[in-house]
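[1] Okay, here's the prediction I keep looking at, along with the sequence it came from:
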Amino acid sequence: MTKKILITGKNSYIGNQLAAWLNKEPEKYEVIKECVRDDKWKEIDFSIYEVVVHVAGVAHIEETTANKKIYYEVNRDLSYEIAKKAKKYGVKLFVFLSTMSVYGKTEGIVNKNTVADPTTNYGKSKLEAEQLILSLSGNNFKIAILRPPMIYGKGCKGNYNRLKKVALNTPIFPMIDNKRSMIYIENLNEFIKMVIDNMIFGVFHPQNQEYMSTTMLVKTIAEENNKKIFFTKIFNPFIYIGIKYSKTVSKVFGTLIYDQAIIDKDLIITKDINNKDSIKATER
């Protein structure tokens, strides 16, 4: 019997990628994507779905005082209302796409003892949504919260594209041995698929099995685009100072990772695509 799955965020990158991933197995999944940006979503019949994957949200826009309200209206309030309707109409599993930003860190290691303490409206609205949605959980309504780090893949918006512009336009780049938790879109798709298949609930931190370094990322992007870059450690002393005092420098060259011990070992992605292959696939 096929599982009927509703993905909210009809035009979202993650929603479209996940739908395409699941649609490779039409005998197992029947996937419907719906837009939830207006009140028409209230007319959707949730009773026919076993799983709702809620990926719709506000991200990748510069935060200002003027747009603060929309983060909470969409990321928190809308998410909670959709989750309430899903529970009311008998949905068995609600998957909510949250973010590593709930921890409020631009540098450091997130482990099982790290307390969520977001510093941005994006992170705050997602954490508040998590708390509201989890309050609905029960024996007949399971909730899976996913807190992925930076997501990348062909066509994905965000920091990856900013680094790509650097890789294609700079003749020289620092050689820094930092570590970043990241996740390739196909690895994320596979992780969500495993959650759906096993109807697993809880809070999860999906990431690639390998950590990424900024230097390796830029180097691989450049190689795939036949660009030559000279890498040097001459700037490193200034960068290490910048990591301590500048959020921008910290985001690019600092270490920000999920400790491997925080990962649910039962959900290791057996089909994990490694860092270099995933970057090559993104660039192709």
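    In hand now; what should we look at?

[2] and the helix or strand where G15 lies, how far out from the chain's middle?
    In this assignment (DSSP states H and E), G15 forms part of helix 13-22. Here the centre of helix 13-22 is set off from its chain's centre by 13 Å, with Cα atoms, centre = their mean, to the nearest Å.

[3] quick one: contacts for A20?
    Going by Cβ atoms under 8 Å, 6 or more residues apart in numbering, A20 touches no other residue. (C-beta placed from N, C-alpha, C; glycine too.)

[4] need the helices for the stretch 101-250 of the chain, in chain order.
    For the stretch 101-250 of the chain, applying DSSP state H, counting those that start in this stretch gives helices covering 121-134, 159-169, 185-198, 214-224, 236-245, 247-253.

[5] Just put those helices in JSON lines and tack on mean neighbour count and distance to S101.
    Putting the helices of the stretch 101-250 of the chain into JSON lines (neighbours: other Cβ atoms under 10 Å; distance: least, Cβ to Cβ, whole Å) gives the following:
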{"stretch": "helix 121-134", "mean neighbour count": "21", "distance to S101": "4"}
{"stretch": "helix 159-169", "mean neighbour count": "15", "distance to S101": "12"}
{"stretch": "helix 185-198", "mean neighbour count": "20", "distance to S101": "16"}
{"stretch": "helix 214-224", "mean neighbour count": "20", "distance to S101": "18"}
{"stretch": "helix 236-245", "mean neighbour count": "13", "distance to S101": "18"}
{"stretch": "helix 247-253", "mean neighbour count": "17", "distance to S101": "11"}
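
[6] Can you redo those as TSV, where the extra columns are distance to Y103 and mean pLDDT?
    Putting the helices of the stretch 101-250 of the chain into TSV (distance: least, Cβ to Cβ, whole Å; pLDDT from 0 to 100) gives the following:
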stretch	distance to Y103	mean pLDDT
helix 121-134	8	96
helix 159-169	16	87
helix 185-198	18	94
helix 214-224	19	92
helix 236-245	17	90
helix 247-253	14	87
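
[7] Next, format these as CSV and append distance to N178.
    CSV is the format used below for these (distance: least, Cβ to Cβ, whole Å):
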stretch, distance to N178
helix 121-134, 21
helix 159-169, 13
helix 185-198, 21
helix 214-224, 6
helix 236-245, 9
helix 247-253, 6
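
[8] ok so, going back, next SSE after the helix holding G15?
    For helix 13-22, the succeeding helix or strand toward the C-terminus, using DSSP H and E, is strand 29-34.

[9] Let me know how buried the residue nearest to I263 when sequence neighbours are not counted is, in neighbour terms.
    Spatial nearest neighbour of I263, excluding adjacent residues (Cβ to Cβ, 6 or more residues apart in numbering): H205 at 6.1 Å. As a burial measure, H205 scores 22 neighbours (other Cβ atoms under 10 Å).

[10] returning to that earlier point: among the helices of the stretch 101-250 of the chain, which comes closest to I44?
    With Cβ to Cβ, the closest approach to I44 among the helices of the stretch 101-250 of the chain belongs to helix 121-134: 17.8 Å.

[11] Need the phi and psi values for the residue of the chain most remote from its centre.
    Most distant from the centre of the chain: I234, at 33.4 Å, with distances by Cα atoms, centre = their mean. Main-chain torsions, I234, degrees, to the nearest 10: phi -60, psi -30.

[12] now the angle from the helix holding G15 to strand 29-34?
    160 degrees (axes from the mean of the first three to the mean of the last three Cα atoms, to 10 degrees).

[13] Against T214, how distant is the residue farthest from the centre of the chain?
    Separation of I234 from T214 (Cβ to Cβ, to the nearest Å) stands at 16 Å.

[14] same check, this time on V115
    27 Å.

[15] Flag the shaky bits of the chain, pLDDT-wise.
    For the chain, the stretches with pLDDT under 70 are 264-271.

[16] center of it - which residue?
    Most central in the chain under Cα atoms, centre = their mean is P148, positioned 3.9 Å from the mean C-alpha point.

[17] Would you check that it makes contact with L97?
    Yes. Between P148 and L97 there is a contact at 7.4 Å, judged by Cβ atoms under 8 Å.

[18] Relative to G254, how far out is the residue farthest from the centre of the chain?
    Applying Cβ to Cβ, the value for I234 to G254 is 19 Å.
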